[in-house]
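Q: requesting a structural model of the entry that follows:
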Amino acid sequence: MLNKKTFTMKGIKMFNKIFKRLFLFMALSLFSINLHAADWTMASGYPKSNFHTQNIIKFIDEIKSTTSVNINLNPNDTLIKLDAIKTSLQRGQIPIGEIRLGIYGNEDPMYILAGLPFIAPDYSSAWLLKDVQMEYLQEKFAKKGLMILYTAPWPGQGFYTKFPVNSVSDFKGKKLRIYSTATQQMGSMLGFNATILPFAEIPQAFSTGLIEALFTSPQTGIDIQAWDNTKHFTYAGAIFSKNAVVVTKKAFDALSKADQSSMLAAAKRAELRGWEMSAETTRKQIDILEKNGMSSKNAPDEIISTMKDIGAMMTLDWRMKASPEAQAVLDRYLSMR
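A: Numbering: from 1, shown residues only. Predicted structure coming up:
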């Protein structure tokens, strides 16, 4: 039979055991909360198979392991349509998202500079242009309460058509889908009836007859299964437009200095990786197009020459619309190229 003293000692021991377990649980909970003190929702516009999305996933994994931020990615327009992500960021609806820089030409000509044909016709010149543009772009984004974390380029562009392309005359009157004001102007100057359409609307536009051709990258052709609606891919290169991963200043400034530093370091690595992924993927993607029954070839010299002439004319037109500060960015780039 237990006496009062025995009961008291056992009670104390049991209480101490329970208290230690409770303390350990609370400590681990607090550590977990501190480990991922910020949960961010991210929107992007492309499927998980797209190299842009794959790069974002790697970036998110690194952020999770090196900062207190946990980023929940919603790809492929599942949360917000791609072309509405920048507006959602500005309104504070999400703290981080992926955008296409080239669709904001109506806000500032700088956004479409990289979209002028042959202004930066290869990866090395596109990287240089990105570096020269960045200070100007960051100042523009800062006025909207935003900050670019990193950019990544699309591979060189080409024409997806139902007909073989042998000369510029083959384009006359054909209905072309493009993705920016710059490529719309280029398409029109090549003889197309060019229409700007969001990525997600391409399949339906083909089925309704709104479009019959595309000017876009091999990656986009795979994402939309271009072989369902076109037979020929004619690679021109010409344009290396960029996407950007953007964060709100409010969300970024709320982080600790250590987290900010780690996030910027991860972004720097993601940018380099994204450019490498883009460069490595072009030939593989064209192979995929061919395996799905499409023919592919480089654009004939006549088309390349015409596109270069169009690019020169568009650059002159760009200068007329650009501010002196924007023109200075272009002049600096051209002097360094």
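Q: residue closest to the middle of the chain?
A: Nearest to the geometric centre of the chain sits residue 243, at 3.0 Å (CA atoms, centre = their mean).
Q: just to be sure, that one is in a helix?
A: No - using DSSP: H, G, I helix; E, B strand; the rest coil, the assignment for residue 243 is strand, not a helix.
Q: show me what it bridges to in the sheet.
A: Assessed by DSSP bridges, residue 243 has beta-bridge partners residue 100, residue 152.
Q: residue contacts, it?
A: Taking CB atoms under 8 Å, 6 or more residues apart in numbering, we find residue 243 in contact with 52, 98, 99, 100, 101, 151, 152, 153, 154. C-betas here are computed from N, CA, C, even on glycine.
Q: okay, now the second one: neighbour count?
A: So the one you mean is residue 98. 24 (other CB atoms under 10 Å).
Q: isn't there a strand covering it?
A: Yes - per three-state DSSP, residue 98 lies within a strand segment.
Q: so how far is residue 186 from the residue lying closest to it once chain neighbours are set aside?
A: With sequence-adjacent residues excluded and distances taken as CB to CB, 6 or more residues apart in numbering, residue 98 is closest to residue 44, at 3.9 Å. For residue 44, the distance to residue 186 (CB to CB, to the nearest Å) stands at 26 Å.
Q: again with residue 258
A: Separation of residue 258 from residue 186 (CB to CB) stands at 46 Å.
Q: neighbour count: the two, which is higher?
A: When residue 258 and residue 186 are compared for neighbours, residue 186 comes out ahead with 26 against 11, by other CB under 10 Å.
Q: let me know the pLDDT of residue 198.
A: Note on residue 198: pLDDT of 88.
Q: got the contact list for it?
A: Taking CB under 8 Å, 6+ apart as the test, what residue 198 contacts is 81, 82, 83.
Q: who's in contact with the first one?
A: Residue 81 makes contact with 45, 198, 200 under the criterion CB under 8 Å, 6+ apart.
Q: what helix or strand is the first one on?
A: Put plainly, it is residue 45. In the assignment (DSSP states H and E), residue 45 maps to no helix and no strand.
Q: residues near it, how many?
A: Residue 45 has 28 neighbours, counted by other CB under 10 Å.
Q: now it, nearest residue through space, not along the chain?
A: In space, and not counting its chain neighbours, residue 45 is closest to residue 82: 2.8 Å by CB to CB, 6+ apart.
Q: what do you get for residue 235?
A: Once flanking residues are discounted, residue 235 sits nearest to residue 158: 4.0 Å by CB to CB, 6+ apart.
Q: partners of the one you found in the sheet?
A: Here residue 158, judged by DSSP bridges, has bridge partners residue 216, residue 235.
Q: OK, contacts around it?
A: By CB under 8 Å, 6+ apart, the contact list for residue 158 reads 215, 216, 217, 218, 233, 234, 235, 236, 237, 299.
Q: so what's the fourth one up against?
A: Going back to what we said before, that points to residue 218. Each residue near residue 218 by CB under 8 Å, 6+ apart is listed here: 155, 158, 233, 235, 281, 282, 285, 286, 288, 289.
Q: pretty sure residue 293 is touching residue 229, no?
A: No - checked against CB atoms under 8 Å, the pair residue 293 and residue 229 is beyond contact range at 11.9 Å.
Q: higher neighbour count, the two?
A: Just comparing residue 293 and residue 229: by other CB under 10 Å the higher neighbour count belongs to residue 229, 18 against 9.
Q: measure that one to residue 195 for me?
A: According to CB to CB, residue 229 and residue 195 sit 15 Å apart.
Q: just residue 153 next, same as before
A: Distance from residue 153 to residue 195, by CB to CB: 24 Å.
Q: show me where this structure has strands.
A: Along the chain, counting by DSSP state E, strands occupy 38-43, 69-74, 96-100, 146-153, 157-161, 175-178, 193-196, 213-216, 232-237, 242-248, 295-298.
Q: nearest to residue 304, of those?
A: Ranking the strands of the chain by distance to residue 304, with CB to CB as the measure, places strand 232-237 first at 6.5 Å.
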